[in-house]
Structures are given as structure tokens and as C-alpha cells.
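**Student:** Provide a 3D model corresponding to the input given below.
(chains A and B)
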Amino acid sequence: MRQPTQFALCIENSGNEASLILGKVYRIVPDARAAKDSLLRIIDESGEDYLFDENQFVRVEFPASVRKKILAIQSVGR
Amino acid sequence: MAAFALACPCQRLKPTFSRKTRKCLSPFPRNSSDELLKQRGLLGRPMCSTKCRMKFEIVGAIQQIETIAAGPGVKLQAYLRKVHGKGRWRKVKGVATVRLRNGDSRRVELHWYEAHGVGRRDFKIKKYLDQYV
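**Tutor:** Numbering: from 1, shown residues only, chains lettered A, B, ... in the order given. Next up is the predicted model:
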């Protein structure tokens, strides 16, 4: 079964001030290997996926309707 | 003397040398071995936690450096100018070995932004290049 899209809230952007905005919700791309190194694959402001430290984010969950809206907003913004 | 230049990729730190011994006094001299870092209590720590605050340390030189985008092709131009100041921002990629927070070393493709007079900013890991162990 396909997993629902996951999101993370940025709580620290030191070192990546241009790519990540504090308090903004970003989409997580599943990456099992990166997870072993405590990294998260995130689609950042540039619209590309990069590996960031897990401590820079807090995972957040949304109802299906909200997830759909966020994905629609993010796809328009690119 | 260049061999003792700081390995800090953000280029914000300038190397400092002892006047007597001519040895580098910087905490992370280029090509610093694990032994040296252990002696200084820096093993496994991010390279310049107080300066560029990167979450990983770049070990050795960055190779195969290529410009991916320049001018209007850099999507984050506005953010870069706001955060780091005006400049001809370029998006660049390269291959390097990085030491992660957990102490493991990985061969990765790095992407970053750079501008003349500002230096290299916003280092990000794009993907692993070494084989899965």
C-alpha cells in the first residue's frame, strides 16, 4: 500500500538560510538509507530534494484534505 | 603554506599561523587526520559550528566542481541576496567526502551557492555516491 505524503516543519535553518525558511512546512521524500544516518530527504525552496539533518525538522501530520491542499500549493509555487 | 589553509568550505575563516613554529593554529586544518581531531576533541563535530554552522564536515578537497546554474537560472537568487547580500550568485555542484554528525564518512554529491566576494554558502548533500554497506 502506498504511504501518504509526509511533511516536516523547519525549526532550524542555520547553514541553509536560503534553502530553508523557519516555520515552513516541507515535503519529505522517503529515503531509507539517509534515515540510517539521521538525515531527511526534503524538497526545499529550490524545488529539489536534498538531505538535511533530522534535528532541523519536526515531523507533522495533517488530515488527508489538508495534505492535498498543501501539495497543490507547493506544486503551484514551483 | 597553502597546505595548512583551513578546510572550512564556506571560506569565512582565514587560517592563522603560529609566528614561531609556522604551524596552523586553526581547529580544522586541511587534511586533518582523525588522530589530530581526536587530540583536539573535535572528532565527529561539525567543522565550524560557530561560523558557517554546517551540519556535516567536508573532509579534503571538493572535486569535479561544475556550475549548474547562473544568473536568472538560480531560483533562490532573491533569498540569497536577502540573506547573504548582493552578488553574481551561481549554483555549483561537486563531489566530496563528508563526515556526518554520527562520525561516519560518506562520498557524496554536494550542491552549494557561491558569489564572488561572498564565498560559498548553503552546502547541501544531494546524494550518496558510495555503495550501500
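
**Student:** buried ones in the longest helix along chain A?
**Tutor:** When chain A is parsed with DSSP state H, its longest helix is helix A:64-77. Neighbour-count burial for helix A:64-77 flags A:R67, A:Q74 (criterion: 16 or more other C-beta atoms under 10 Å in any protein chain shown). No exception for glycine: its C-beta is placed from N, CA and C like everyone else's.

**Student:** same check, this time on stretch B:59-78
**Tutor:** Going by neighbour count (16+ other C-beta under 10 Å), the buried part of stretch B:59-78 is B:V59, B:I62, B:A69, B:V74, B:L76, B:Q77.

**Student:** hang on, B:N102 packs against A:L39?
**Tutor:** No - applying C-beta atoms under 8 Å as the test, B:N102 and A:L39 come out as separate, 9.7 Å apart.

**Student:** between these two, tell me which one has more neighbours.
**Tutor:** Counted by other C-beta atoms under 10 Å in any protein chain shown, B:N102 and A:L39 do not tie: A:L39 has more neighbours, with 24 against 10.

**Student:** does that one touch A:D53 like I think?
**Tutor:** Yes - between A:L39 and A:D53 there is a contact under C-beta under 8 Å: 6.4 Å.

**Student:** show me which residues of chain B sit near chain A.
**Tutor:** Counting by C-beta under 8 Å from any C-beta of the partner chain, the positions of chain B adjacent to chain A are B:52-56, B:75-76, B:79-80, B:83-84, B:91, B:100-102, B:104, B:106, B:111, B:113, B:121-128, B:132.

**Student:** mind giving me the ChimeraX select for these, buried ones only?
**Tutor:** Applying 16+ other C-beta under 10 Å to those, the buried members can be selected in ChimeraX as follows:
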select /B:52,53,54,55,56,76,79,80,83,84,91,100,101,106,111,113,121,122,123,124,125,126,128
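
**Student:** in helices, which of the residues of chain B next to chain A fall?
**Tutor:** B:Y79, B:L80, B:V83, B:H84.

**Student:** surely the third one meets A:N16?
**Tutor:** It stands for B:V83. No - using C-beta under 8 Å, B:V83 is not in contact with A:N16, being 9.9 Å away.
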